[in-house]
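Participant: Just to be clear, the model below is a prediction. Sequence and coordinates:
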Amino acid sequence: MATNTFSPHVGGVARSVEAFTSEFRRWGHCVWVVAPFFEGAPKKELGVIRVPAIQHFNGSDFSVRLPIPSFLFPSLERYHPDIVHAHHPFLLGDTALRIAAVRDVPLIFTHHTMYEQYTHYVPGDSPTLKRFVIELSTGFANLCDAVIAPSDSIAATLKERGVKTPIAVIPTGVHVERFRQGEGERFRRLNKIPPEAFVVGHVGRLAPEKNLDFLSKSVADFLSKYDQAHFIIAGTGPSKIDIQRFFESRNLSQRVHLFGVLQAKDLVDAYHAMDSFAFTSKTETQGMVLTEALGAGIPVVAVDAPGVREVLRDGANGRLLPKEDIRLFSDALGEIKGLSQEKRKNFQEEARRTAQQFSIGETAKKTLGLYESLIDKGRVHKKLEGSLWQSAMHVIEAEWEVWNNRAHAARIALSQKG
């Protein structure tokens, strides 16, 4: 497994890699994870190779590995993989390409993310850069032996963009059984949330690409209508301070609770303390937190988007809204609040049924089946030189250098002016 994000980083890709890795190992398979070093990573990890990386790249919570792929190969000398699984098309993605080529084994790629939505983390973000990021991921996919799309919507998008490699639709699985039982009342009591309060919740990275400005405004509108309503947020990221300041400006901070990253029992209890789960991101390819919330029997209110529409069934396990509208979202939360006891029970039961379809046992079984079919066929040798992926990489690297040079020149000019 080659991934640019891994524990202790919080995010869907890191959790996906961890979920599949733990399930494969539980079944007796040997899995090595190649990932950047993150602050707070354990000093000793079984089956994990950490590569040196720049921390907090460009003010984000990401680590960017240093360009030293040769660092990996001594560590892999005694390891002979049957397959290489890349989780990104760049950075450690190109390292995955090299490992697969050296070992002459199939390469598989999971297209976790709409990468063009993340270019604001790169100096010189521009429409040109977004276009080449799309070409980069498309070109990388076509260098692989198979591509995994977490949802039908993403599979259709990849085909429209020109991915010719066979695509398998396999969602990231969730340990659904972990979320069935929780102590929501205990969580409320410990955090001074009234037992009679209607609680809206959100779990995830707090970052600009998650559409949190719209989420905050919609929930604030709901809170302003219902004095007994509260909002809990589990997660952290670069947008945390902005969220805090927004609710303070609306005089709602007393009913908004930010808990940072919650794990294990604390996370499960947080879900069970919620009456509804709010989700507004449009950059997800799946949205694992939706499955977790549904597994806990929590109705979801979300905006229609790829990766969301495959999980949420409007009027059955929540509300799937056709457009991004603050009043519409606020009213949908009000509808969930106003459900009768019988209707709420129906929503909860349907939520749990939906979550069961995304259990890690089922999705890991499908992934292993794909691995076995690729191993039987053997690696398809594809020409790297002149590929769309390589040309996109060159353009992105060139644009990066241009903007780095501009930034350097600006710093010098400002320092001389001072």
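Facilitator: Okay, I see it.
Participant: Figure out how far the helix or strand harbouring Ala96 is from the centre of its chain.
Facilitator: If you go by DSSP states H and E, Ala96 is part of helix 92-103. Counting by Cα atoms, centre = their mean, to the nearest Å, helix 92-103 is centred 23 Å from the centre of its parent chain.
Participant: Quick one: mean pLDDT for it?
Facilitator: On average, the pLDDT along helix 92-103 is 84.
Participant: Run through the neighbouring helices and strands of it.
Facilitator: strand 33-36, helix 72-75, strand 84-86, strand 107-110 (3 or more Cβ pairs under 8 Å, 6 or more residues apart in numbering; DSSP states H and E). Using the backbone N, CA and C atoms, a C-beta is placed for each residue, glycine as well.
Participant: Just put the ones you listed in CSV and tack on mean neighbour count and distance to Gln356.
Facilitator: Output for the helices and strands packed on helix 92-103, formatted as CSV (neighbours: other Cβ atoms under 10 Å; distance: least, Cβ to Cβ, whole Å):
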stretch, mean neighbour count, distance to Gln356
strand 33-36, 24, 27
helix 72-75, 12, 38
strand 84-86, 27, 25
strand 107-110, 26, 22
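Participant: any idea which of those scores lowest on pLDDT?
Facilitator: Taking the mean pLDDT of those, helix 72-75 comes last: a mean of 61.
Participant: just the helices in the stretch 301-418 of the chain please.
Facilitator: 326-337, 341-356, 360-377, 388-417 (DSSP state H, counting those that start in this stretch).
Participant: quick revisit: turn the helices and strands packed on helix 92-103 into CSV, including distance to Ala305.
Facilitator: Formatted as CSV, the helices and strands packed on helix 92-103 follow (distance: least, Cβ to Cβ, whole Å):
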stretch, distance to Ala305
strand 33-36, 28
helix 72-75, 36
strand 84-86, 24
strand 107-110, 19
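Participant: Which among these is found nearest to Leu374?
Facilitator: Of all these, it is strand 107-110 that lies closest to Leu374, at 6.6 Å by Cβ to Cβ.
Participant: helices or strands next to the following helix or strand past that closest one in the packing?
Facilitator: As assigned by DSSP H and E, the chain's next helix or strand after strand 107-110 is helix 127-141. When contacts are defined as 3+ Cβ pairs under 8 Å, 6+ apart, helix 127-141 sits against helix 388-417.
Participant: sorry, back to before: out of the helices of the stretch 301-418 of the chain, point me to the one whose mean pLDDT is lowest.
Facilitator: Among the helices of the stretch 301-418 of the chain, helix 388-417 scores lowest, at a mean of 48.
Participant: and the residue lying closest to Ala302 once chain neighbours are set aside, how many neighbours?
Facilitator: Spatial nearest neighbour of Ala302, excluding adjacent residues (Cβ to Cβ, 6 or more residues apart in numbering): Phe279 at 4.1 Å. Look at Phe279: counted by other Cβ atoms under 10 Å, it has 26 neighbours.
Participant: all numbers from here: first residue = 18
Facilitator: Let's use 18 as the start, then, which means that last one is Phe296.
Participant: thought Phe296 was touching Val325?
Facilitator: Yes. Phe296 is in contact with Val325 according to Cβ atoms under 8 Å; the separation is 7.0 Å.
Participant: which residues do the two both contact?
Facilitator: 304, 307, 319 (Cβ atoms under 8 Å, 6 or more residues apart in numbering).
Participant: Serialize those to JSON lines and add fields for neighbour count.
Facilitator: JSON lines is the format used below for these (neighbours: other Cβ atoms under 10 Å):
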{"residue": "Gly304", "neighbour count": "27"}
{"residue": "Leu307", "neighbour count": "30"}
{"residue": "Ala319", "neighbour count": "27"}
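Participant: Out of the residues you listed, which sit inside strands?
Facilitator: Ala319 (DSSP state E).
Participant: Nearest to Asn21 among the shared contacts of Phe296 and Val325?
Facilitator: Gly304 (19.3 Å).
Participant: Contact partners for that closest one?
Facilitator: Contact analysis of Gly304 by Cβ under 8 Å, 6+ apart lists 29, 296, 298, 324-325, 328.
Participant: swap the cut-off to 7 Å and go again
Facilitator: Each residue near Gly304 by Cβ atoms under 7 Å, 6 or more residues apart in numbering is listed here: 296, 298, 324-325, 328.
Participant: any low-confidence regions in this protein?
Facilitator: Low-confidence segments of the chain, defined by pLDDT under 70: 25-27, 58, 70-94, 132-146, 302, 400-435.
Participant: Could you list the domains of it?
Facilitator: 29-190+379-434, 194-375 (automatic domain parsing).
Participant: rewinding a little: look up how far Gly201 lies from the residue nearest to Ala319.
Facilitator: 19 Å (Cβ to Cβ, to the nearest Å).
Participant: what do you get for Gln365?
Facilitator: Distance from Gln365 to Gly201, by Cβ to Cβ: 12 Å.
Participant: higher neighbour count, the two?
Facilitator: It is Gly201, of Gln365 and Gly201, that has more neighbours when counted by other Cβ under 10 Å, with 20 against 17.
Participant: Angles on the backbone of that one, please.
Facilitator: Per-residue torsions, Gly201: phi -60, psi -40 (degrees, to the nearest 10).
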